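>>> Here is the input, now give the coordinates:
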Amino acid sequence: MAGLSLYFEDGHDDLDDFGFDDDGSECDGIRITAFLDAGQDNLTPLGRLEKYAFSENVFNRQIVARGLLDVLREFSDNENDFISVMETVARMSEDGEPTVRAELMEQVPNIAMFLHESQPNFPAAFSRYLVPIVVHYLTDPNNQVRKTSQAALLVLLEQGLICKGDMETKVCPVLLDLTEPSSDDDYKIEAVAIMCKLVTMLSKETVEQLLQRFCELCSDARLFQVRKVCAANFGEFCSIVGRDATEKLLMSKFFDLCSDSLWGIRKACADCFMIVSNSTSPEVRRTKLSPLFSSLISDQSRWVRQAAFQSLGRFISTFANPSSTGLYFKEDGTLLEVPTCPSDSNSPLCIESSNGPTVRPSHTPINQDGRSTPSLESMSREDSDSDSTHTPPQNQQEGQACNNNNLPPTNNKNKKTEQTDQNCNSFLYWRPPLADISQELEMLKGQGPRTRTEGEKKVVVEDRKMSSLEPATCSQIQKVLDCLQPHMDDPDVQAQVQVLSAALKAAQLESQSEEEGESESQTPEDGEPDEKSSQNRVITEETQTPEPPTQQAKDPAPTEEQKEAEADTEKEPEPHESPHNSPVLIRDDSDHSSVESELMESLEGKEDSAFNQVCEEKSKVQNVIPQQLLDQYLSMTDPAQAQTVDTEIAKHCAFSLPGVALTLGRQNWHCLKDTYETLATDVQWKVRRTLAFSIHDLALILGDQLTAADLVPIFNGFLKDLDEVRIGVLKHLYDFLKLLHAENRREYLYQLQEFMVTDNSRNWRFRYQLAEQLILIMELYSHDDVYNYLRQIALTLCSDKVSEVRWISYQLVVEILQKMYACGAHELGLNFINELIVRFCHCPKWVGRQAFAFICQAIVEEDCMPMDQFAQHLLPSLLSLSLDPVANVRVLVAKALRQSVMEKAYFKEPGSAYLEELEETVMTLQADKDRDVRFFASLDPNMMLMDTSALI
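Below is the predicted model of the structure:
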């Protein structure tokens, strides 16, 4: 045993032991040179180790602890000596000096790695000797030793150097003891931190044993540090124990932590909200976690609100259902389509209808503004939901016919023929869709007084619907009156109430007269109305815009407000009685007509804008996620949020937008369209850069039609933005262009040249990324487009000042030539070859000639063209470069000939016309004066070749 290494440089034999004294100032030159040198005494190496490991000099003991790894390596050949060293280490762990113990613990991970590599020789050494030391130091009275042992334990867990058996039998019991209520506060806080980090590396069964203690620690009322650590690591516990344990045991604790008095704990809950949400069922996520998250967003602490808004998009993404969206994210962040089977009714592309599975359209029809248009089926369903009763189709064929037209059967009290004509009227298929505001009216009734504008919006929209229907019924007029009652302080609304109250009274009188007339003319056998009433109904219907029939409810009893309105109306001059067959809203009184016309004129200016506002509010409504979460997400673009919450809140909104869009689906893109356009024009380039990097994922989510309508204009704007934004578009240029139609994709051929111009010419990575994308983009265009547009860009990049850009550009040139010959465009390929010869082979600079040799080698290796064409057009130029005066050119010529050209069967055949010339050229290169040229000319092609790209 010759000796081991030591941490010092000079040996002062006159000093004690190694020549060290207690004054550290004289030991500045210490380094690893020798350890336990033979000849200093008559002790064996193990004896010298014992002597210095337990020396009275503290510094000597530190040196031994610091060099334990080298000691173990020296003694690893002998098992007995190795065990003796490990026992010495175990005894050193009981050293009374904290610095020695800390030095020893710092070496434990390195020793554990060495033992792991030598496990066949010492399988149980680590578990027997080192694990007890680590566990024991977790309770060490010295803070530095405890911190060192905690760090060492985490390293051992991350590297997988400690087995689960040791964790369950040796580590976990100690952690449970340290987290007892009677344990010391410092020990408890540190143990909780270790326990929370430990759960991600333990089995589910072991974590369940720690779960009860974790729940107790979450409710620790004395130490807020314990609760804060529990809140920060709450998500890891939920993901390990699973859904059942999370909802039964942990959910109540999470609610308590989210309402903790300290803002730091609430902020920690907001940070881990997404992980917790992923561990719960959709019902719990919607009914419990959504209101809880809303409370965090409206928290009184700005830091809590900031963390909540940053986690809002991630939380919304947990509502995504791959079976409905048809897309999912892989672990590496790649967005892929879910494999579907057309015959599978449960596939995301199928929906269940009344007549069996029906294929869902791949995209939603869009209007001219790019927004989704609600289908007639959904519109009809909304209309039918407002009816009080539903009558099924008269027969199966009739219901089948209506369903085939995407219109569900509606109810009517008239005859079957009349029902069929109204339900399946072709007029319904071309009229512009009207907004359904029944929900808004219900909300208005329950919410009480609002602003004047909102009240007028409901009146205008309701009047528009009434004007397009058949003569106004009592229930319709009464509904409008109910909506107007909270706004009686407005003079315009008071005038409207007076007009509608009079109309209501007239409608009641007319309905009574019609009932009397029908009862007299109707026979008991067939129940047919008489000819006069039928004509009256036809005249009335012809004077109004046709609409699907609605169920007429019974006339309600007049309310107190209605009675007052009627009393006010009775004070006016008595109007003339209207004819029985005339529409009920037509009055003969000139004064009353003038009041009504003035009212309508005053509302005409507000009608269009109010109706548009109602439609805009309606467009933000969806049922995939709680509407409150969507409203909060859309508010992230409000400039006021940047002032009160976070200056970078818009960036967080842009970062999570693809996940939110995936969750809502392309059918609800209209909810996010305005927000996306706002972010795309944000003044901060970081926001636009974030969108640019994810626009290809959003295009895959939305589909081709929505992409062309809504994303292409924004994409075009990014192309003209700053380089920091353009690089995001350029990095995924191929991914975006492949989603466009051929005619839209071809427009970008003219803009590819613009990527050659950058704000900073030193930004060579921009040009490198362009070359990479052009290699991929070539498959999207025809060979003519590639030759006319991409060829010139590739040749320009081949002359770049940066070698990395030139190297990738040579690959691009090779791909272009391969596409020419693959498409049968031999004439274009020959023109391109001639251009390469002129530009590179005859280049006055040696770099160009060197590039030609590299391109020729790549063409041969990739089989870009027939070898007879290569031998005829390119080989003579390549052979001429074997006499180039620059050695770097001849090196690549030798490499190309020896390793690629002469290995092709076309040139190796005995009757080849080029074999003799090739052999002569190679022999000339083998006798070259340059050593590198001779090396590559003589190198065996089957040997591992060095990378010569650095020479380019």
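
>>> Secondary structure element for L336, which one?
Mapping L336 onto the secondary structure by DSSP states H and E places it in strand 335-337.

>>> average model confidence for that strand?
Per-residue pLDDT values across strand 335-337 average out to 71.

>>> And for stretch 480-497?
68.

>>> which regions of this protein sit below the pLDDT cut-off?
Within the chain, the segments meeting pLDDT under 70 span 1-43, 119-123, 328-335, 338-474, 486-487, 489-495, 499, 510-620, 942-952.

>>> quick one, strands of it?
Per DSSP state E, the chain carries strands over the ranges 327-329, 335-337, 350-353, 356-359.

>>> who's in contact with stretch 621-635?
When contacts are taken as CB atoms under 8 Å, 6 or more residues apart in numbering, the neighbours of stretch 621-635 outside the stretch itself are 286, 290, 293-294, 297, 309, 312-313, 315-316, 319, 439, 620, 641, 653, 660, 663-665, 668, 671-672, 675. From N, CA and C alone the C-beta is placed, and that goes for glycine too.

>>> Which of these fall within helices?
Taking DSSP state H, the ones among the contacts of stretch 621-635 that sit in helices are 290, 293-294, 297, 309, 312-313, 315-316, 439, 641, 653, 660, 663-664, 671-672, 675.

>>> List buried members of those residues by neighbour count.
Buried members of the ones in helices among the contacts of stretch 621-635, scored by 16 or more other CB atoms under 10 Å, are 290, 293-294, 297, 309, 312-313, 315-316, 641, 653, 660, 663-664, 671-672, 675.

>>> Check which residues of stretch 50-67 are buried.
Across stretch 50-67, burial judged by 16+ other CB under 10 Å covers 50, 52-53, 55, 57, 59-67.

>>> Check stretch 657-674 too.
For stretch 657-674, the buried set under the neighbour-count rule, 16+ other CB under 10 Å, comprises 657-673.

>>> cool, stretch 197-207 as well?
K197, L198, V199, M201, L202, T206, V207.

>>> Could you count how many residues lie near the residue nearest to L504 when sequence neighbours are not counted?
If the residues on either side of it in the chain are set aside, L504 comes closest to I477, at 4.5 Å by CB to CB, 6 or more residues apart in numbering. By other CB atoms under 10 Å, the residues close to I477 number 25.

>>> now swap in S799 and tell me
The local packing count at S799 equals 16, with neighbours defined by other CB under 10 Å.

>>> show me the contacts for it.
The contact partners of S799, taken as CB under 8 Å, 6+ apart, are R806, G848.

>>> Nearest to L153 among the buried residues of stretch 50-67?
A65 (18.0 Å; CB to CB).

>>> can you tell me how far the closest one sits from H116?
Applying CB to CB, to the nearest Å, the value for A65 to H116 is 20 Å.

>>> and what of E79?
Applying CB to CB, one obtains 17 Å for the distance of E79 from H116.

>>> And for D932?
The gap separating D932 from H116 is 43 Å, by CB to CB.

>>> Report the buried residues of stretch 851-865.
For stretch 851-865, by 16+ other CB under 10 Å, it's A851, F852, A853, F854, I855, C856, Q857, A858, I859, V860, C864, M865.

>>> Do I have it right that the third one meets L892?
I take that to be A853. Yes: at 3.9 Å, A853 counts as touching L892 under the criterion of CB atoms under 8 Å.

>>> and D271, what is it in contact with?
A232, A307, Q310, S311.

>>> typo on my end, R746
Residues in contact with R746 (CB under 8 Å, 6+ apart) are Y781, D785.
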